[in-house]
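Asker: got a predicted structure plus its sequence, pasted below:
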Amino acid sequence: MSEVSEIPIREKNIVLIGFMGVGKTTVGQLVAKKLYRDFIDIDKEIEKIYGMPITEIFKKVGEAEFRRVEKEFIVNICNHQTLKIISLGGGAYLQEEVRKACLSKCIVYFLDLSWESWKERLPLIIDSRPVLQNKTLHEIEDLFFKRRRAYSLHNSKISTNNMDAETIANNIVESIKFAWDIYQPQGE
């Protein structure tokens with residue numbers, strides 16, 4: 001496929017970013033269903049490439065190689081595909097090339113969850129997240145706030161505290177449709 005140049009807003013991919021465990025995949029699947037679009041979970045796609053779970057990929061090839069493949073995969077989708085709902089892994093957006101591709105070609109939504117709310121989810125996700133392995137709560141908190149700085153570069157932020165996935169997805173869909181109406185080219 002050739003590179004996508006100026007993409008009409010209605011065709012842009014919608015990218016969900018945020019810290020691991022905030023619900024990007026669940027919300028992304030709901031948004032995709034509501035907008036009749038394909039859903040892409042970047043972590044799942046990389047697991048397919050390697051034929052193993054992320055935790056194993058980190059152990060066998062290391063985080064640096066995982067991040068390289070992740071970056072190439074995301075930049076390729078941003079440059080060559082449209083009409084997708086994409087869930088990024090929590091660390092993907094820290095890479096400058098990923099941020100630039102997403103912000104220039106897509107609409108980026110930051111799913112923002114407070115540290116206090118996120119901390120309650122930790123027991124449910126810690127075993128499946130290699131980046132959290134062997135870290136103290138203080139180290140995880142540092143990681144949470146460090147990544148939050150990168151996430152601050154987005155098109156829209158949804159505060160997800162005390163909201164279920166359905167409500168969050170509905171808010172994103174309403175926001176997208178509102179943007180589509182505002183930026184509708186004249187004469188259409």
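Answerer: Yes, it's here. Everything numeric in this text was worked out from a predicted model, so none of it was measured.
Asker: in the helix or strand bottoming out on mean pLDDT in the chain, which residues are buried?
Answerer: Across the helices and strands of the chain, mean confidence by mean pLDDT, DSSP states H and E is lowest for helix 122-125: a mean of 77. By 16 or more other C-beta atoms under 10 Å, helix 122-125 has no buried positions at all. C-beta coordinates here come from the backbone N, C-alpha and C atoms, glycine included.
Asker: check stretch 101-110 too.
Answerer: Buried residues in stretch 101-110, defined by neighbour count with 16+ other C-beta under 10 Å: 101-103, 105-110.
Asker: reformat these as JSON lines; add distance to residue 17, secondary structure and pLDDT.
Answerer: Supplementary listing: the buried residues of stretch 101-110 in JSON lines, determined by distance: C-beta to C-beta, whole Å; DSSP: H, G, I helix; E, B strand; the rest coil; pLDDT from 0 to 100:
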{"residue": "101", "distance to residue 17": "12", "secondary structure": "helix", "pLDDT": "97"}
{"residue": "102", "distance to residue 17": "8", "secondary structure": "helix", "pLDDT": "97"}
{"residue": "103", "distance to residue 17": "10", "secondary structure": "helix", "pLDDT": "96"}
{"residue": "105", "distance to residue 17": "14", "secondary structure": "helix", "pLDDT": "95"}
{"residue": "106", "distance to residue 17": "10", "secondary structure": "strand", "pLDDT": "96"}
{"residue": "107", "distance to residue 17": "11", "secondary structure": "strand", "pLDDT": "96"}
{"residue": "108", "distance to residue 17": "6", "secondary structure": "strand", "pLDDT": "97"}
{"residue": "109", "distance to residue 17": "7", "secondary structure": "strand", "pLDDT": "97"}
{"residue": "110", "distance to residue 17": "5", "secondary structure": "strand", "pLDDT": "97"}
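Asker: the residue lying closest to residue 105 once chain neighbours are set aside is in what secondary structure piece?
Answerer: If the residues on either side of it in the chain are set aside, residue 105 comes closest to residue 78, at 4.3 Å by C-beta to C-beta, 6 or more residues apart in numbering. Under the criterion DSSP states H and E, the helix or strand holding residue 78 is helix 63-80.
Asker: likewise residue 39?
Answerer: Under the criterion of DSSP H and E, residue 39 resides in strand 38-41.
Asker: elements contacting that strand?
Answerer: When contacts are defined as 3 or more C-beta pairs under 8 Å, 6 or more residues apart in numbering; DSSP states H and E, strand 38-41 packs onto helix 24-35, strand 84-87.
Asker: for the last one, which outside residues touch it?
Answerer: Residues from elsewhere that reach strand 84-87 (C-beta atoms under 8 Å, 6 or more residues apart in numbering): 13-16, 24-25, 27-29, 31-32, 35, 37-43, 74, 77, 106.
Asker: can you show me the CA trace of it as PDB?
Answerer: Written as PDB, here are the backbone C-alpha positions of strand 84-87 (Å, rounded to 0.1, in the frame of the first residue of the first chain):
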ATOM      1  CA  LYS A  84      -9.000   1.400  12.300                       C
ATOM      2  CA  ILE A  85      -9.400   1.500  16.000                       C
ATOM      3  CA  ILE A  86      -5.900   0.800  17.500                       C
ATOM      4  CA  SER A  87      -5.000   0.000  21.100                       C
END
